[in-house]
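**Student:** build me a model from this:
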Amino acid sequence: MPRNSADKEKEFDRSPGRTDEQPVDHIPAKVKFEIYGEEMIEKKVKSSGNSGRVYLPPNWVGHQVKIIRID
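**Tutor:** Okay, here's the model as predicted:
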């Protein structure tokens with residue numbers, strides 16, 4: 001039975017030695033973001049269980065925000 005291109009891709013993904021992981025010593029380059037908005041706040045992320053947390057002003061509740069890690 002002939003294989004289609006999707007089968008070939010699956011076969012390729014399982015090939016030994018192939019990895020999509022970045023090397024441990026790889027440091028991604030910084031990128032520039034240009035965004036428009038109403039207000040900006042710079043804060044430190046605090047630990048919260050298995051995640052991180054940033055508290056924002058109560059008047060921001062219900063509004064859309066964008067989070068960019070800078071360091």
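**Student:** where do the strands sit along this structure?
**Tutor:** Using DSSP state E, the strands of the chain run over residues 46-48, 51-53.
**Student:** remind me what the last one packs against, helices and strands.
**Tutor:** If contacts are counted by 3 or more Cβ pairs under 8 Å, 6 or more residues apart in numbering; DSSP states H and E, strand 51-53 sits against strand 46-48. Bear in mind the C-beta positions are built from the backbone N, C-alpha and C, glycine included.
**Student:** returning to what we had before: the strands of the chain: which one's closest to Val61?
**Tutor:** Across the strands of the chain, Val61 has its closest neighbour in strand 51-53 (14.8 Å, Cβ to Cβ).
**Student:** show me where pLDDT drops low in the chain?
**Tutor:** The model of the chain has pLDDT under 70 over residues 1-24.
**Student:** repeat the analysis, applying 90 as the threshold.
**Tutor:** 1-30, 70-71 (pLDDT under 90).
**Student:** coming back round to it: can you redo the strands of the chain as TSV with mean neighbour count and distance to Glu39?
**Tutor:** Formatted as TSV, the strands of the chain follow (neighbours: other Cβ atoms under 10 Å; distance: least, Cβ to Cβ, whole Å):
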stretch	mean neighbour count	distance to Glu39
strand 46-48	9	20
strand 51-53	10	19
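**Student:** can you add distance to Lys32 and give those back as a markdown table?
**Tutor:** Listed next are these as a markdown table, based on distance: least, Cβ to Cβ, whole Å:
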| stretch | distance to Lys32 |
| --- | --- |
| strand 46-48 | 27 |
| strand 51-53 | 24 |
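**Student:** out of those strands, which is closest to Lys66?
**Tutor:** Lys66 sits nearest to strand 51-53 of all these, at 15.8 Å, using Cβ to Cβ.
**Student:** can you pull out the residues in contact with the closest one?
**Tutor:** The contact list for strand 51-53, computed with Cβ atoms under 8 Å, 6 or more residues apart in numbering, reads Val45, Lys46, Ser47.
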